[in-house]
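Undergrad: Using only what follows, build the 3D model:
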Amino acid sequence: MTSTQRTSATTTATTTAGRIGDSPLRPDGALKVTGEFAYASDLWHDDMVWGVTLRSPHPHARIVSIDIGEALAVPGVSAVLTAADIPGSNAVGLEHLDTPALATGVVRYEGEPVALVAADHPETARRAAKRIVVEYAVLPAVTDPRHALDADAPLVHESRRHDGGGNLVRKMQVRRGDPAPTAPVVVALDFEVGMQDQAFLGPESGLAVPAEDGGVDLYVATQWLHVDQHQVCRVLGLPPEQVRLHLAGVGGAFGGREDLSMHVHACLLALHTGKPVKMSYSREESFFGHVHRHPAFMRYEFGAERDGTLVYAKADILFDGGAYASSTGAVVGNGGTLGLGPYRIPHVHVDCAGVYTNNPPCGAMRGFGCVQAAFAHEALMDSLADAVGVDRVEIRARNGMREGDRNITGQLIDSAAPVAELVRIVRDMPLPAERSPDEVDIRELPGGVSNTTHGEGVVRGIGYAVTYKNVGFSEGFDDHSTARVRLEITGGEPVATVHTAAAEVGQGLITVEQQICRTELGVERVVVHPKDTAVGSAGSTSASRQTYVTGGAVKAACEAVRAAVLTRAAALLERSRESLGLDGDKIVDTSGEVLAGLADVLGEDAVEETVEWRHRPTRAIDPETGQGDAHVQYAFSAHRAVVDVDVELGLVKVVALDTAQDVGRAINPDAVIGQIQGGSAQGMGLALMEEVVVTGGKVLNPSFTDYLIPTILDMPPMRIKVLEYADPHAPYGVRGVGEPPTISSGPAVAAAVRAATGKALLRVPVRPEHITGA
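TA: Numbers count the residues shown, from 1 in each chain. Next up, the predicted model:
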């Protein structure tokens, strides 16, 4: 059961269901729960062939030769391609063009694509791929990021030997206040976070269809259509008008679809064969086909007064970026600027770096650099509370940011920062009932129906965490979105059509777009145009930004449409535009009196406006001090976790995971709750079970059999309190929702396990052997 409460809200009075503040049914909801929704893996074309990828078995090796003869001889095979067949540039990447579409000369991680096969059946393609003979000369690999910058470390990218970059992707330093501060109370720790997978349920899939103009149409599950288009164009050597991307049904993303996967490969095969090509990864291949969350090694030190007031903080954060940069640079930016948590700290010394290794590439995942840091700074806040004898909730409230404070980069927090309120709210929520020794339900105990305990050895613990996260892109990135809105009379009633390239990945954006159009135009019927690159870029569906940025664009486009309609009406009615209003199918005056019908104004015409909308700018930080207005908005959340731990077997049952979060304005309250629940599940998963286990550059558990994620039996009841302190700088006062719960939930769970066991537990996920010491 989920308990929800909303406070500090201002709700728009509505006469049309499905406006801002309502929770209309999602148009894709029933289709998804009944299994009728078409995902990318369901794409089909009558004359299509199937594509598969041959991948490297080595973390680091030189490609001596590739023999495709036997593969081409397999009946049903229509193409076998290698890097030599790429017509354009064999270099892609989100921040650095360091990633080959197909390996050439060297492979840098296990699973790197080497060759492609197209055949009339997927099994035929897989059999043919196994007949490609690749001779490798294995090279020394760097697999421990802590030694990636050593003078004798193998270079992941030999080209960086000449530019002096070595294995460093990016290093950031943040300096503020006294460079050599002291304090009467000092606490410190080292913390390690393992590699987490996004674990979306829909594997990478897509369909590339060659076009008569020599180009290609790609239907693909992605997060960022236009950046994908730009990279595919580079490899194909084609202009954007010949490479058209269309969003296919997305089965989850969480950052793992920001980078290319099968996009270029399917297009290469389609253009080479002249036939539509479908590619769909298996679960095992998916683990090698997308980036993961960065593992991190961190050392933190806090200095405080004897009452617990923070004086200084030091942090050294190291992210393992894997073989290619992906978004490691931006992750370093977040880890460095946000890595000390939502606290007032006068003196700051932070070093944050991301490095290349021969491990799997790492990039975007929900929480983006803040998740790893939160485990460390929240564990250290507990240590500080214990050291000074202050309650663990009050230590956070005492040091928590408030509106008007400046964070560690010197940026003014110019909207609500209710840190103390949030953490006190979760503290004051009712606790779950204590277990009765006389009424044992093994389903509610650690180990569940495995019947490992009847309560003996089970200890309860409670933990707290509070965190914050930036919303939108940062450090001077030109963060914008484009929306096209069309208003016309169809079948005697007004119909609005909204067209953006903002990817719907399951978060409910299409519903939000409809709600905004209904609110601004007063119409009942709103059609969401299929997402594609025929309209301007909407940026990535990431960074909790789409409701803010694309929502802002849709709002602005609706306002432009309304203004155009009222300009027409003013001319027709010989009234000033300022005296008129649009209310669905009516033109009204300021008193609400109907003056004309919309049909009278539009006739058979349509009014269409396209707007490119930007939030207020951010700026690059100073490279020496790390000071500057790096982010556009901050979102705050707090969690309280209650766990039962079988201290003899090391098993954990999360009994409750309660949270409070400021969302600015809940555009769709039910969707907000869903985001908070889902984000909390992912944070809990990292705390207790989720890890891509990599040894010597090799992935040991590329399956959902061995990579464990929380199920419905693992998720506890949640009490959720949503605060709505509107951000005056954002459309409708919204604040990003999706990422903060992933950041604060995991550290709260880890803290609760520490409270139950009395152990430091300075690595996540916490495994049974960490608890038992076995």
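Undergrad: OK, contacts around residue 217?
TA: 208-209, 211, 244-246 (CB atoms under 8 Å, 6 or more residues apart in numbering). Yep, even glycine has a C-beta here, placed from its N, CA and C like the rest.
Undergrad: Would you mind checking those residues for buried ones?
TA: 208-209, 244-246 (16 or more other CB atoms under 10 Å).
Undergrad: Let me have those in a markdown table, adding secondary structure and pLDDT as columns.
TA: A markdown table is the format used below for the buried ones among the contacts of residue 217 (DSSP: H, G, I helix; E, B strand; the rest coil; pLDDT from 0 to 100):
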| residue | secondary structure | pLDDT |
| --- | --- | --- |
| 208 | strand | 98 |
| 209 | strand | 98 |
| 244 | strand | 98 |
| 245 | strand | 98 |
| 246 | strand | 98 |
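Undergrad: What ranges does the stretch 301-450 of the chain have for its strands?
TA: Assigned by DSSP state E, counting those that start in this stretch, the stretch 301-450 of the chain shows strands spanning 310-320, 347-355.
Undergrad: For those strands, give me TSV that also has distance to residue 726.
TA: What follows is the strands of the stretch 301-450 of the chain, written out as TSV (distance: least, CB to CB, whole Å):
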stretch	distance to residue 726
strand 310-320	29
strand 347-355	30
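Undergrad: can you list those strands in CSV and add mean pLDDT?
TA: Converted to CSV, the strands of the stretch 301-450 of the chain look like this (pLDDT from 0 to 100):
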stretch, mean pLDDT
strand 310-320, 98
strand 347-355, 98
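Undergrad: Select, out of the ones you listed, the one closest to residue 292.
TA: strand 310-320 (9.7 Å; CB to CB).
Undergrad: If you count contacts, what does that closest one end up packed against?
TA: When contacts are defined as 3 or more CB pairs under 8 Å, 6 or more residues apart in numbering; DSSP states H and E, strand 310-320 packs onto strand 296-304, helix 328-338, strand 347-355, helix 370-388.
Undergrad: returning to that earlier point: quick one, which of the strands of the stretch 301-450 of the chain is nearest to residue 646?
TA: The nearest among those, by CB to CB, is strand 310-320 at 31.9 Å.
Undergrad: Next, report how far that closest one is displaced from the centre of its chain.
TA: 23 Å (CA atoms, centre = their mean, to the nearest Å).
Undergrad: Please export the C-alpha coordinates of it as CSV.
TA: Output of strand 310-320 as CSV, limited to C-alpha atoms (Å, rounded to 0.1, in the frame of the first residue of the first chain):
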residue,chain,number,x,y,z
LEU,A,310,29.8,21.2,9.3
VAL,A,311,33.0,23.2,8.9
TYR,A,312,34.7,21.5,5.9
ALA,A,313,34.4,18.6,3.6
LYS,A,314,36.9,16.8,1.4
ALA,A,315,36.2,14.2,-1.2
ASP,A,316,38.2,12.2,-3.7
ILE,A,317,35.9,10.5,-6.2
LEU,A,318,37.0,8.1,-9.0
PHE,A,319,34.6,6.8,-11.6
ASP,A,320,35.4,3.8,-13.9
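Undergrad: re the thing from before, would you convert the buried ones among the contacts of residue 217 into a markdown table that also reports distance to residue 516?
TA: A markdown table is the format used below for the buried ones among the contacts of residue 217 (distance: CB to CB, whole Å):
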| residue | distance to residue 516 |
| --- | --- |
| 208 | 33 |
| 209 | 32 |
| 244 | 26 |
| 245 | 24 |
| 246 | 23 |
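Undergrad: Just give me the closest of those residues to residue 24.
TA: For the buried ones among the contacts of residue 217, the nearest to residue 24 is residue 246 (25.3 Å; CB to CB).
Undergrad: was I right about that closest one contacting residue 221?
TA: No. Look at residue 246 against residue 221 with CB atoms under 8 Å: they stay out of range, at 10.6 Å.
Undergrad: about what we covered before: closest one to residue 135 among the helices and strands packed on strand 310-320?
TA: Of the helices and strands packed on strand 310-320, nearest to residue 135 by CB to CB is strand 347-355, at 29.6 Å.
Undergrad: Touching that closest one from outside, list them.
TA: 145, 148-149, 167-179, 181, 294, 303, 311-321, 328-329, 331-332, 335-336, 339-340, 408, 626.
Undergrad: Show me which of these are buried.
TA: Buried, going by 16+ other CB under 10 Å: 145, 148-149, 167, 169-176, 181, 294, 303, 311-321, 328-329, 331-332, 335-336, 339-340, 408, 626, out of these.
Undergrad: Could you point out which residue ranges in the stretch 401-550 of the chain have low pLDDT?
TA: Counting by pLDDT under 70, the stretch 401-550 of the chain contains no low-confidence residues.
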